[in-house]
Each structure stands twice: as C-alpha cells, then as structure tokens.
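1. for reference, the sequence and a predicted model appear below.
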Amino acid sequence: MSAARNIEMNWCKVALATIGDGVIGLDGAGVVDFLNAAAERMTGWPQAMAVGLHVSHVLPRIGVREPPVDADAAALSAWFHSSTDSATTLRMRDGGQREVQLAMAVVMDAQGAPEGLVLTFRDLSQTARLMRELTHRASYDPLTGAYNREEFERRFRQLLGDAHAGGGPHALCFIDLDQFRLVNETCGHAAGDALLKQVAGVLQMIIGGEDVLARMGDDAFAVLLAQTGDHRAMQVAQQVVEAIGRMRFGWGDRHFAVSCSIGVAPLTASAHAIDVVQVAAEAACQVAKDGGRNRVHLFEPADAGVAHRHDQMRWVPRLEAALEVGDFQLMFQDIVATATGKASGRHLEVLLCLPDASGKLVSPGEFLPAAQRYGLMGRIDRWVTAQVGEWLHWRAGTGRLLPELVTINLSGSSLGDASFREFAEEQARELPPGGSFCFEITAGEAIANLDEAADFIARMKRHGCRFALDDFGCGLASFAYLQRLPVDFVKIDGQFVAGAATDPVKRAMVEAIHHIGKVMDLATIAERVEDDETFACMRAVGVDYCQGYLFGSLRPLLSLP
C-alpha cells in the first residue's frame with residue numbers, strides 16, 4: 001500500500017473515531033483490523049483485543065448463522081449483504097445483548113477487486129425499549145400497572161364470547177373508591193396517585209392469576225372473575241372491601257381512612273353486549289354507595305331502574321336547568337409559553353363548572369359523566385361554544401385585547417353530530433376580527449370519529465380555528481392516527497408529565513411525543529405541570545407550552561383583564 005494510501009486510511013480512521021455509529025473494518029479474510037470508539041462501546045471489545053480476530057468472534061449475532069471462517073472478501077460481502085438492513089441482536093463480549101441496525105460496504109483495491117469490508121451499526125436499544133414501553137402502555141395503565149380500559153374491553157369480549165358458547169359462569173366487579181376526591185382535593189394529584197397505586201397493589205394480592213384487573217377511570221377499577229358464580233364473586237368482593245377498609249393512607253401530616261363500594265354483575269349468555277354488563281355492575285355499585293358505602297351489592301334486574309332514577313334526580317334536572325338559565329360558570333386556566341414561564345392571559349383553556357346549592361363550584365368531573373351518559377354533552381358543548389363566542393364579541397366591543405388562543409373542549413358526541421359541526425362553523429364565521437376558537441378533542445374520541453373529526457378540522461381551519469389533540473400518548477393508536485388529523489397542538493398526557501423530572505421512562509415518553517410533534521410541525525403542550533422541577537424538565541425537553549396549577553388556579557373567564 002502506498003504512503004498516500006496509508007495517510008488516507010489514517011485520516012479516515014481519525015474521522016470514524018468521532019462518529020456515534022459503530023464501525024468495524026475487516027480485511028479480505030474477515031479479520032478485524034479496526035474498531036472505532038462507538039464499536040468498542042457497543043461490542044465490549046477494545047480495539048487492542050479485537051484486532052486480528054475473525055469478525056464472528058467480535059460481532060456475534062443471536063439467531064444468525066455466522067459466516068464461514070475461510071470465506072474471502074467477495075463471499076463475506078455476499079453473506080453480509082443477505083443479513084443486513086434489518087434489526088439484529090448483538091451478543092456483547094460480557095454476555096449482554098444489544099439491538100443494532102447493521103449495514104455493510106465493500107472496500108475495493110486499485111484494480112476494483114474487493115479487499116475488505118466496513119461494517120457500520122447503529123444502537124437501537126433505546127428505541128426498542130421505548131417501543132416496548134409503548135406496547136406495554138397500549139394495554140396497561142402506567143400509574144397502577146393494572147390493565148387499561150382498551151385491554152379490559154378486549155378481554156371482556158373474550159369472556160363474553162365464552163359465555164355465549166356455554167362457558168362460565170363469570171362475573172364482573174366494579175370498584176369505586178369512596179374518599180378519593182377528598183384526598184385529591186386536600187393533598188393534590190400526587191397524593192391521589194399514590195393512593196391509587198396502593199389500592200391497585202391490594203387488589204392484585206386478592207384476585208386470582210386468571211382474573212383481570214383494570215383501571216376504568218380516576219378512582220374506579222374493574223375485575224373480571226372467570227369461572228366464578230354469584231356467590232363466589234360476592235365473597236371475593238367482600239374480601240376486597242375488607243382489605244381496602246383496613247388501609248390507612250398517610251400524606252405528610254394528613255391521614256385518611258380508605259373504603260370502597262363494589263357492584264357485582266353476572267356475565268351470562270343472555271348479556272348481548274359489554275355495555276349491558278358494565279352498566280349493571282356500575283348500577284349495583286351506585287346502590288352500594290347509596291346504601292352507605294364500604295359495601296358490596298349484587299345486581300338484580302330492578303337495580304337498573306333504581307340507579308337510573310337516582311342519577312336523574314341528582315344530575316339531569318340540575319343540568320337541564322343550568323342549560324335553560326345559563327347557570328354554568330366558565331372558568332379558565334392559562335397555557336404558558338415554556339420560554340417565559342409567565343401566565344399572560346394570551347393563551348388559555350376554558351373549563352366548565354357548576355355551582356351547587358351553597359354556591360360552591362362543582363368540578364366538571366362530577367357532572368359531565370352523567371351528561372355524557374344521558375345525552376346532554378351536545379347541548380353543553382353548544383352552550384360553551386356560544387358563550388365563548390359572545391365573550392370574544394364583548395371583549396372586542398370594549399376594546400380589550402383578544403386572547404391569541406381560546407381552547408374549548410369538545411366531546412365525542414359533538415364530533416359525531418353533523419348539526420353541531422354546522423353550528424360550530426356558523427359560530428366561527430361570526431367571530432370578531434382577531435377572534436378564533438381552538439377546539440380540544442381527546443385522542444380516543446377523535447379516533448372513534450376519525451372521518452368526521454378530520455372533516456370537521458379541515459372545515460373549521462378555513463375560518464381560522466385551530467385544534468389540539470388531548471391525552472396524547474395513551475396507547476399506540478394515538479401515534480398511528482395522528483397523521484390523519486391535521487391538528488395544531490399535541491397535549492402531552494399529564495400521566496407522563498407528572499413525575500417526568502425523576503422518572504426516566506416518563507421523560508423518554510415526553511421526549512418522544514415532543515419529537516414527533518416537532519417532526520410534524522406541531523406545537524406541544526405539557527399538562528399537569530404542578531411544580532418547579534417538572535417545569536424545568538419540560539423546558540429542558542423543549543416543550544412549547546405548559547399548563548397546570550404551578551401557573552395559577554382556575555379563575556372566572558370574565559375576570560381576565
């Protein structure tokens with residue numbers, strides 16, 4: 001080899017030593033003559049030990065037949081060409097494993113004949129771990145480790161099919177914590193999360209290995225009991241009530257007694273749909289609550305009417321009256337630019353509250369589930385949209401500065417309602433100059449109404465409206481359908497944001513969602529930013545906006561300066 005060629009090769013090796021991908025140089029017989037620093041790190045082989053060894057020793061791959069040791073450069077090139085360009089698992093020198101993406105290039109001599117190979121490989125371990133985490137989160141609730149609603153319903157359908165085929169008996173237990181709201185409101189979300197984890201741990205110890213535990217909502221769990229009749233199901237439910245009743249939850253200097261109410265419903269061949277059994281179990285749970293809480297109730301056909309009448313008495317007339325007289329209270333929370341960290345009143349989310357008999361505001365989580373169940377969400381969404389439109393007109397008429405972003409939450413029922421979509425479009429056309437809506441829809445509801453949602457977004461954007469996708473990242477479906485929804489903002493679900501400053505997996509999720517947003521030219525908003533550490537973490541990641549109680553509590557919309 002000429003002196004010029006030697007100098008050229010030395011410069012190449014210096015350059016290769018600085019890149020992040022692993023690089024291994026082989027001679028014509030497959031013997032290692034060079035490793036860069038990244039290859040040393042990924043294989044565990046120092047260059048001084050690897051040089052002179054056959055590539056099959058330095059780069060062994062699990063499940064892949066190694067190349068023959070007597071193969072020349074041409075044969076090695078053909079062999080590696082057949083097994084590159086796909087993910088492969090590398091066995092490291094210390095016995096560990098690393099997932100890599102392998103590629104190969106041939107080094108030619110002056111006459112154009114192959115005289116060696118260059119192998120490059122990229123570490124995919126972090127990406128693989130993230131994908132495994134995403135797959136896990138598609139089926140499991142990340143907070144409690146129980147199954148999520150989607151996986152619960154999949155397994156529920158399997159059990160229902162077994163019942164229809166003559167199997168069983170099976171049963172469903174619906175579990176609702178009695179004092180969760182008190183813990184959440186007096187000690188904050190972190191305390192509520194800690195309580196939920198403890199409750200899930202107790203439930204896991206009681207139910208059998210073949211049974212299915214799922215988190216169904218903020219403070220609700222469900223258990224599917226396979227091959228279990230009514231009597232045994234009631235015994236298991238009573239064990240849960242007693243075990244949770246023995247819990248004593250402490251947070252700082254506060255201590256709380258914990259209890260739950262459970263509704264049990266049989267899963268038989270006569271149940272034609274999941275909803276039938278689930279509503280029955282929830283109705284039985286409501287009867288248990290009405291009976292004094294901390295107890296179990298077995299569903300019987302008459303229970304559905306009792307629970308239905310109770311819900312109507314408590315919420316439906318109150319909501320009907322509020323819609324008639326405009327008794328709701330519009331509140332807002334600032335959406336803060338991460339770069340400044342200052343609440344300016346320029347970006348905000350509108351939230352709906354309802355005064356109770358004493359004038360205290362009831363949070364939407366209390367009454368919106370009833371509104372959803374009894375078909376009132378469409379009317380509520382119309383009321384909120386119209387009221388925000390009137391508020392923007394009022395501000396414009398008084399010369400006040402209009403916010404740049406006013407976010408309104410929309411339910412899935414409104415997304416699927418053609419008449420509401422026409423109403424919203426009419427409202428948007430009539431907004432004052434400089435005024436616009438930003439509609440916030442959850443990923444699950446958007447996916448359930450995908451065609452309608454995509455069409456609605458496209459139509460409303462012609463009128464200057466923008467869209468935010470809420471609860472993003474809860475399951476792989478969010479990623480799969482994002483490209484079909486031309487939204488402007490991605491709201492990173494609060495379950496990933498809260499604790500991201502100390503949990504590397506949560507931070508990785510936030511980073512991944514933010515990166516996807518940037519690739520798609522979408523702004524990202526982090527929810528549940530409630531302390532300085534979390535805000536600093538979001539700023540380090542580069543999230544565009546933050547929202548949470550760190551920047552102020554809810555305030556009446558009319559109080560905005």
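-> Cool, the structure landed.

2. so how far is residue 410 from the closest residue to residue 370 other than its chain neighbours?
-> In this structure, residue 370 finds its nearest non-sequential neighbour in residue 315, 3.9 Å apart by Cβ to Cβ, 6 or more residues apart in numbering. For glycine as for every other residue, the C-beta is placed from the backbone atoms N, C-alpha and C. Separation of residue 315 from residue 410 (Cβ to Cβ, to the nearest Å): 20 Å.

3. between those two, who's got more neighbours?
-> Shown here are residue 315 and residue 410; by other Cβ atoms under 10 Å, residue 410 has more neighbours (26 against 21).

4. contacts only, for the more buried one.
-> 381, 439, 440, 441, 445 (Cβ atoms under 8 Å, 6 or more residues apart in numbering).

5. go with 6 Å
-> 381, 439, 441 (Cβ atoms under 6 Å, 6 or more residues apart in numbering).

6. of those residues, which belong to helices?
-> residue 381 (DSSP state H).

7. what about the contacts of residue 410, which one has the most neighbours?
-> residue 441 (26 neighbours).

8. with adjacent residues omitted, what lies nearest to that residue?
-> That would be residue 410: by Cβ to Cβ, 6+ apart, it lies 5.2 Å from residue 441.

9. for the one you found, phi and psi?
-> Residue 410 has phi and psi values of phi -120, psi 140 when expressed as degrees, to the nearest 10.

10. sketch out the low-pLDDT regions of the stretch 251-400 of the chain for me.
-> By pLDDT under 70, the low-scoring segments of the stretch 251-400 of the chain are 272, 302-314, 373.

11. what segments of it are strands?
-> Counting by DSSP state E, counting those that start in this stretch, the segments of the stretch 251-400 of the chain that form strands are 254-257, 260-267, 296-298, 329-334, 336-337, 347-355, 361-362.

12. just so I know, which of these lies nearest residue 51?
-> Of all the strands of the stretch 251-400 of the chain, strand 336-337 sits nearest to residue 51, with 53.6 Å by Cβ to Cβ.

13. quick check, pLDDT for residue 472.
-> pLDDT, residue 472: 68.

14. before we move on, what about residue 74?
-> Reading off the model, residue 74 has pLDDT 80.

15. isn't it up against residue 113?
-> No: using Cβ atoms under 6 Å, residue 74 is not in contact with residue 113, being 8.2 Å away.

16. listing request: residues of the stretch 401-550 of the chain with sub-threshold pLDDT.
-> For the stretch 401-550 of the chain, the stretches flagged by pLDDT under 70 are 444, 448, 472-482.

17. ok so, going back, which of the strands of the stretch 251-400 of the chain sits closest to residue 78?
-> Closest of these to residue 78 is strand 336-337, at 56.2 Å (criterion: Cβ to Cβ).

18. relative to the whole chain's centre, how far out is the closest one?
-> Between the centre of strand 336-337 and the centre of its chain there are 22 Å (Cα atoms, centre = their mean, to the nearest Å).

19. which other residues reach it?
-> Everything outside strand 336-337 that qualifies as a contact, by Cβ under 6 Å, 6+ apart, is 343, 545, 546, 551.

20. what lines up beside that strand in the sheet?
-> When pairing is defined by DSSP bridges, strand 336-337 lines up against strand 545-546 (antiparallel).

21. I'd like the next helix or strand past the strand it pairs with.
-> strand 555-556 (DSSP states H and E).

22. so what does that next one touch, helix or strand wise?
-> Judged by 3 or more Cβ pairs under 6 Å, 6 or more residues apart in numbering; DSSP states H and E, strand 555-556 is in contact with no other helix or strand.

23. now that strand, how far from the centre of its chain.
-> Counting by Cα atoms, centre = their mean, strand 555-556 comes out at 28 Å from the chain centroid.

24. what of stretch 505-525?
-> Worked out by Cα atoms, centre = their mean, stretch 505-525 lies 12 Å from the chain centre.

25. list the buried ones in it?
-> Using 16 or more other Cβ atoms under 10 Å as the test for burial, stretch 505-525 gives 505-514, 516-517, 522-525.

26. among the contacts of strand 336-337, which two are most distant?
-> Largest separation among the contacts of strand 336-337 by Cβ to Cβ: 343 and 545, giving 11.2 Å.

27. going by the annotation, which residue ranges form each domain of the chain?
-> The chain resolves into domains spanning 3-123, 143-313, 315-559 when parsed by automatic domain parsing.

28. on that earlier part again, need the contacts of residue 410 in TSV (columns: distance to residue 331).
-> TSV is the format used below for the contacts of residue 410 (distance: Cβ to Cβ, whole Å):
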residue	distance to residue 331
381	16
439	18
441	20
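
29. for the contacts of residue 410, which one is nearest residue 157?
-> Residue 157 lies nearest to residue 441 out of those, by Cβ to Cβ, at 26.0 Å.

30. show me the beta-bridge partners of the closest one.
-> Here residue 441 sits in beta bridges with residue 469, going by DSSP bridges.

31. and it, how far is that from residue 470?
-> Residue 441 is 7 Å from residue 470, by Cβ to Cβ.

32. over to residue 376?
-> 20 Å.

33. one more: residue 517?
-> In terms of Cβ to Cβ, residue 517 sits 13 Å off from residue 470.

34. picking up where we left off before, looking at residue 343 and residue 545, which one has more neighbours?
-> Legend: neighbour count by other Cβ under 10 Å for residue 343 and residue 545, higher for residue 545 (23 against 18).

35. for the more buried one, which non-adjacent residue is closest in space?
-> When the adjacent residues along the chain are set aside, residue 545 lies closest to residue 525, with 4.3 Å between them (Cβ to Cβ, 6+ apart).

36. so the one you found: helix, strand or coil?
-> strand (DSSP: H, G, I helix; E, B strand; the rest coil).

37. now do the contacts for it.
-> 489, 491, 545, 547.

38. residues near the first one, how many?
-> Neighbour count of residue 489, defined by other Cβ under 10 Å: 23.

39. ok, now the last one?
-> As a burial measure, the neighbour count of residue 547 was computed by other Cβ under 10 Å and equals 24.
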